[in-house]
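Chemist: structure for this input, please:
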Amino acid sequence: MKMCEEMNKPQVMGMSNNLHDPSSMTEVLAFVEELRSSSNGWQRCVESLINGEIQDDRLKFLGLQTIEYYLKNNYEKAPQTEQDIVRQFLSRWIQLKCGQLEVSDAVFVKNKAAQIFALAFVHDFPHRWPTFFSDLIETLSLGPKAVDHFLRVLSAIDTEIADREMPYTQIQIQRNTIIKNAMRETCVEKIVSALYDILNTYEMSHPQLASHCLEALANYIHWIDIGLVANEHFVGTLLRLLNLVPVRESVIVCMQSIVHKGMDPLEKFTLVESLICVLNNVGVFVRSADDDSEFCTKLSHLVNSIGLALLDSFNKTQKSGPADKVPFIEQAIDAKVPIMVTFLGNDYDDVSSAVLEFAKDYVHFLKGRPSLNEQQVKNTQQLMVTVIHKMKYDESYKFDHDGEDEAEFQDFRKNLKVVFDNLVGLNKDLVFNYIMELATRAIGEWRTSPFADVEVSLAVVYYVGEVLPTHAGQYAPNDHVQLHTLLCLILDSGVSAYPHPAVPLQFFEVMTRYQRILLPEPQRILSIISAFLGTCGLRHPNAKVRSRAAYLFCKFIKGSKAVIQAFTKDILVPLQELLTVSNQTNGCKEDWMSSDDQLFLFEAAGTLIISSTLPDAEKVTAFKTLLLPIISKYEYLLKEISQENNVKRQEALANSMCHMIAITTRTSKAFTTQMPMKSIGCVPVYIDCLNMFLNSLQVSVQSSTIQNSVRQFLHRMVVCLDTEILPYIPRASQGLLKNNDIKSMQEYIPLLVQIISKFKKDVQPFLQECLTPIVTAIFSTLLAPLEEGDEDGKVEKNSLRKLYFQFISAVITNAIEVFHGQQSVVKQEILMSVVQGADDPIDPVMQKNCFVILRKLIESSGEEISAASGNDFLLFMHQTVIRLCFEVVLKSACTAHTPNTDVVLMECAACLKAMYNKRGEEMVTFVETTCLANPQIPPQRRGEFAFALKSDTKTLKNFLKIMYQLNS
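Modeler: The predicted structure is shown next:
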């Protein structure tokens, strides 16, 4: 049966009718797989394709895929008869497709056919088919279709042998080298000549073929003789084609490939200069404002490549010589900068972006010059002006819509900023002078200036501070003076009242960054705070401005608290209405300030109160005034959620409660080690809050959400309160662990570790009662079976296990008496779990923590450890820990060495050292007669061990590692 008949089976034709039908697609793919696995399936495809019996493009594609599969997998060792069939097919394919009456195939069929030609080429050339290209070039006389096929084959061959982005294997690299060398010797000149003829023949009648021809040539330039292209008649043709709109972009791509050609730096310099000369002569770089943006972008990429090529030639020539050529290359680079600046200043950002790399590298190049000449100073100034100009927002930018265009501009602005930063580093005086000129013009006259001019003037003032060097947070005296002048100009202008939201946003960024400069002038600080509190900032109609202003206001208050102590009340009064948590306040909507933004305001309010000159009693009153509405609202919400049955309403109430807790937490950030909560008498205020929040742990709905917020509050109270918090820990623990699930334990243990680490002996009574229940609960959870394939469950258990060891480490480090006070069975279980963790090489960090626990237990033993003693703990150390250390060292010798495993070995050595300090020579004897009794370990190693044991820990660690590496 012919393949065409099989291809026209209903199930195969179904694909033509419905490509998206899964059942039809499955049947077709099964049929194709049958053809591939058949020894002559590819030949059946050849026959049907040559006979023209398949008309559907998708079925043609499947037939070609079958032939492709054969060429990739079986053609390499094919007999001569099969080679002849392939060549006959390729020849017949061209004749068939170039017929005048032949309907043109779909593009994907043409490309697949070209890939088959390329696969035959890489297998047959040069040994089995040395005339491949001669034969292919002869077909060009068949007309445009043959030319189109020839160009596609060239592109497909490039992909097979010379595509720089293809991950070729070593064998393929060797094959490709042989092919390219043979092509250079036999047919590259013919190929380039054919391409030249195609350009001259079809540039007017078939410009798309001319464009395709140039792109194919561009792919080959990087590995053929550049002289075949960089010559008078070929370059002349390229220049002529620049006048043809459909072709000119491809001409630029071809020229860019010439510039990228790898060659000697001086030869590259000569080539690039000759190319730029002819391009300048035809005025290609002189573009009008209405030029096509895509063509200008291509030109911009070419300018970028030219600049980078010259800079590369300069660097290589400066390093390796000849030295007398360096000034000429430097002069050539400087001469290209005005062209680059022209494209950088183009209205289209894509055009500008294309030369940014040249701009950045040029500034870096100038930084390496001992001094700048007149042209370089001029270039620097033009570049700076253009970079700042391109930073401006245009009218189409949507500040309330974070779309793709807006994101692209922000990325573009960041890249411009890199060039700007380098310009500041190159010549900050030049930059400062221009910024002052710009600010005077745009900010000083902001009422009549476009918002983009005003915003960019503020932006560059902000940017310059990131680059200027500082010492102990202070700018150099001259920089300080210039920045102070700029800040005074900005403040005195009243520019924060500019109606466009971009301007006040940038204003507050500038003032927050440079507030240190203005601290000696409290009145200016107060004027900035007034702007924050007014309609320019926290009361601005734009939500983004309000949100950013809230964060910056908090930061500003913290930075200037020392100079506004006497004005606390004046600031808190206008701030008060923004601190409300009710549904509506004086006409302000509830979402006037988002929950997250409001947290910054409460933190700022707390800071204002703490840093004020008010008496301590008034500070306490102020905190009560701040927090009592929160507590009242929380109490109301607690009653509501306890009675609410609607799940969505429960969730909303829980989120509101969490916001109340978060507010209280943030106000506590105002307290510091220098100004603790206890020193001004605020402890009762926060204890009342704590009591209320702990009550909510008994709520049965939305418990996880509420527990999370209460736990975060407890973390903060452990920092702020002293032992006053300890009576509440049992109640808090009971509430946080009431769900008795793995997540609750994971989140509770870090809090418990924090409490133990801070309060140490003070927390021992609580630990004495809860250690065994907590350990038992953790063991029970870790030992609970998981469903098969529950990878998330494994991760959760592993996380809990790590936290468990952190908990045990905290107990041993800070309250070891609690451990020793437990029942023997519990102690034994804990010790064995630590030993198991220390013996687990999967997690070296956990191993290290376990060894630290064991070492601290050894060191904390108050009596000399004797093997004869009846103490179970000492016997455990004697029989288990010492052996464990040597087993872990032995395992580490058999695994890949990493910094983490090195840390584990160090802790092993530290354990052995601690045991020696307790037992002395008795321990040495035990090790020599047990751990080192292996016949593979030479006797002299035992003596060396005793010496290393008596040395420092690092020496012992190195000895253990070397000993087992030598004998493993």
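
Chemist: and Cys931, what's its pLDDT?
Modeler: The model reports Cys931 with a pLDDT of 78.

Chemist: surely it meets Arg883?
Modeler: Yes. Counting by Cβ atoms under 8 Å, Cys931 touches Arg883, with 6.4 Å between them. For glycine as for every other residue, the C-beta is placed from the backbone atoms N, C-alpha and C.

Chemist: neighbour count: those two, which is higher?
Modeler: For Cys931 and Arg883, the more surrounded residue by other Cβ atoms under 10 Å is Cys931, and the numbers stand at 19 against 15.

Chemist: what about the residue lying closest to the more buried one once chain neighbours are set aside, how many residues nearby?
Modeler: When the adjacent residues along the chain are set aside, Cys931 lies closest to Phe886, with 4.2 Å between them (Cβ to Cβ, 6 or more residues apart in numbering). Residue crowding around Phe886 was assessed by other Cβ under 10 Å; the count is 19.

Chemist: and Val573, by the same measure?
Modeler: When counting by other Cβ under 10 Å, one arrives at 10 neighbours for Val573.

Chemist: which stretch of helix or strand covers the spatially most central residue of the chain?
Modeler: When the chain is reduced to its mean C-alpha position, the closest residue under Cα atoms, centre = their mean turns out to be Asp411, at 14.2 Å. In this structure, Asp411 sits in helix 404-426 according to DSSP states H and E.

Chemist: any idea of the mean pLDDT for the following helix or strand past that helix?
Modeler: On the C-terminal side of helix 404-426, the closest following helix or strand by DSSP H and E is helix 428-442. Looking at helix 428-442 alone, the average pLDDT works out to 94.

Chemist: repeat for stretch 95-106
Modeler: Averaging pLDDT along stretch 95-106 gives 81.

Chemist: report the buried residues of it.
Modeler: Residues of stretch 95-106 classed as buried: 97-98, 105 (neighbour count, 16 or more other Cβ atoms under 10 Å).

Chemist: any chance of the residues you listed in CSV, plus secondary structure and distance to Pro522?
Modeler: Supplementary listing: these in CSV, determined by DSSP: H, G, I helix; E, B strand; the rest coil; distance: Cβ to Cβ, whole Å:
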residue, secondary structure, distance to Pro522
Lys97, helix, 85
Cys98, coil, 87
Asp105, coil, 81
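
Chemist: identify, from those residues, the entry nearest to Met963.
Modeler: When the buried residues of stretch 95-106 are compared for distance to Met963, the smallest value, 72.8 Å, is given by Asp105; criterion: Cβ to Cβ.

Chemist: going along the chain, name the helices of the stretch 551-700 of the chain.
Modeler: Counting by DSSP state H, counting those that start in this stretch, the stretch 551-700 of the chain has helices at residues 568-576, 595-611, 616-643, 647-667, 683-695.

Chemist: which of those sits most buried?
Modeler: The highest average neighbour count among the helices of the stretch 551-700 of the chain, using mean count of other Cβ atoms under 10 Å, belongs to helix 595-611 at a mean of 22.

Chemist: pull that one out as PDB, backbone CA atoms only.
Modeler: What follows is the C-alpha trace of helix 595-611 in PDB, where atoms were taken according to Å, rounded to 0.1, in the frame of the first residue of the first chain:
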ATOM      1  CA  SER A 595      -3.900  48.800  57.000                       C
ATOM      2  CA  ASP A 596      -0.200  48.400  56.200                       C
ATOM      3  CA  ASP A 597       0.300  52.100  55.700                       C
ATOM      4  CA  GLN A 598      -1.400  52.900  59.000                       C
ATOM      5  CA  LEU A 599       1.100  50.700  60.800                       C
ATOM      6  CA  PHE A 600       3.800  53.100  59.800                       C
ATOM      7  CA  LEU A 601       1.800  56.000  61.200                       C
ATOM      8  CA  PHE A 602       1.300  54.300  64.600                       C
ATOM      9  CA  GLU A 603       5.000  53.500  64.700                       C
ATOM     10  CA  ALA A 604       5.800  57.100  64.000                       C
ATOM     11  CA  ALA A 605       3.400  58.200  66.700                       C
ATOM     12  CA  GLY A 606       5.000  55.900  69.200                       C
ATOM     13  CA  THR A 607       8.400  57.300  68.300                       C
ATOM     14  CA  LEU A 608       7.200  60.800  68.700                       C
ATOM     15  CA  ILE A 609       5.900  60.100  72.200                       C
ATOM     16  CA  ILE A 610       9.000  58.300  73.400                       C
ATOM     17  CA  SER A 611      11.400  60.900  72.100                       C
END
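
Chemist: and the contacts of it?
Modeler: Residues from elsewhere that reach helix 595-611, judged by Cβ atoms under 8 Å, 6 or more residues apart in numbering: 538, 546-547, 550-551, 553-554, 557-558, 561-562, 564-565, 568, 571-572, 575, 578-579, 581, 593, 619, 622-623, 626, 659, 662-663, 666-672, 675, 680.

Chemist: re earlier: can you give me the buried ones in the helix holding Asp411?
Modeler: Residues of helix 404-426 classed as buried: 406, 409, 412-413, 415-417, 419-424, 426 (neighbour count, 16+ other Cβ under 10 Å).

Chemist: export those residues to TSV and tack on distance to Val701?
Modeler: Shown next, in TSV, are these (distance: Cβ to Cβ, whole Å):
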residue	distance to Val701
Glu406	41
Phe409	46
Phe412	49
Arg413	48
Asn415	51
Leu416	53
Lys417	50
Val419	57
Phe420	55
Asp421	53
Asn422	58
Leu423	60
Val424	57
Leu426	63
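
Chemist: what about stretch 752-769, distance to the chain center?
Modeler: The gap between the average C-alpha position of stretch 752-769 and the chain average comes to 40 Å, counting by Cα atoms, centre = their mean, to the nearest Å.

Chemist: what distance separates the start and the end of that stretch?
Modeler: This stretch, stretch 752-769, spans 14 Å end to end (Cα to Cα, to the nearest Å).

Chemist: show me what the helix holding Asp411 is packed up against.
Modeler: In terms of contacts (3 or more Cβ pairs under 8 Å, 6 or more residues apart in numbering; DSSP states H and E), helix 404-426 is packed against helix 349-353, helix 356-367, helix 374-390, helix 428-442, helix 451-467.

Chemist: tell me the mean pLDDT over the last one?
Modeler: Mean pLDDT, taken over the full extent of helix 451-467, equals 95.

Chemist: and the contacts of it?
Modeler: With Cβ under 8 Å, 6+ apart as the criterion, helix 451-467 contacts 388-389, 391-395, 417, 420-421, 424-425, 428, 431-432, 435, 438-439, 441-443, 446, 475, 483, 486-487, 490, 495, 498, 500, 502-503, 506-507, 509-510, 513-514.

Chemist: swap in 6 Å and give it another go.
Modeler: Identification of contacts with helix 451-467 by Cβ atoms under 6 Å, 6 or more residues apart in numbering yields 388, 391-393, 417, 420-421, 424, 435, 438-439, 442-443, 446, 486, 498, 500, 502-503, 506-507, 509-510, 513.

Chemist: CA-only coordinates of it in CSV, if you can.
Modeler: Output of helix 451-467 as CSV, limited to C-alpha atoms (Å, rounded to 0.1, in the frame of the first residue of the first chain):
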residue,chain,number,x,y,z
PHE,A,451,5.7,67.9,35.6
ALA,A,452,8.3,65.8,33.8
ASP,A,453,10.9,68.6,34.0
VAL,A,454,10.2,69.1,37.7
GLU,A,455,10.1,65.5,38.6
VAL,A,456,13.4,64.6,36.8
SER,A,457,15.1,67.6,38.5
LEU,A,458,14.1,66.1,41.9
ALA,A,459,15.1,62.6,40.8
VAL,A,460,18.7,63.5,39.8
VAL,A,461,19.1,65.3,43.2
TYR,A,462,18.0,62.1,44.8
TYR,A,463,20.2,59.9,42.6
VAL,A,464,23.4,61.9,43.1
GLY,A,465,23.3,61.1,46.9
GLU,A,466,23.7,57.3,46.1
VAL,A,467,27.0,57.8,44.4
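
Chemist: list the strands paired with the next helix-or-strand element following that helix, with their directions.
Modeler: Taking DSSP H and E as the definition, the helix or strand that follows helix 451-467 towards the C-terminus is strand 470-471. Listed by DSSP bridges, the sheet partners of strand 470-471 and their directions read strand 474-475 (antiparallel).
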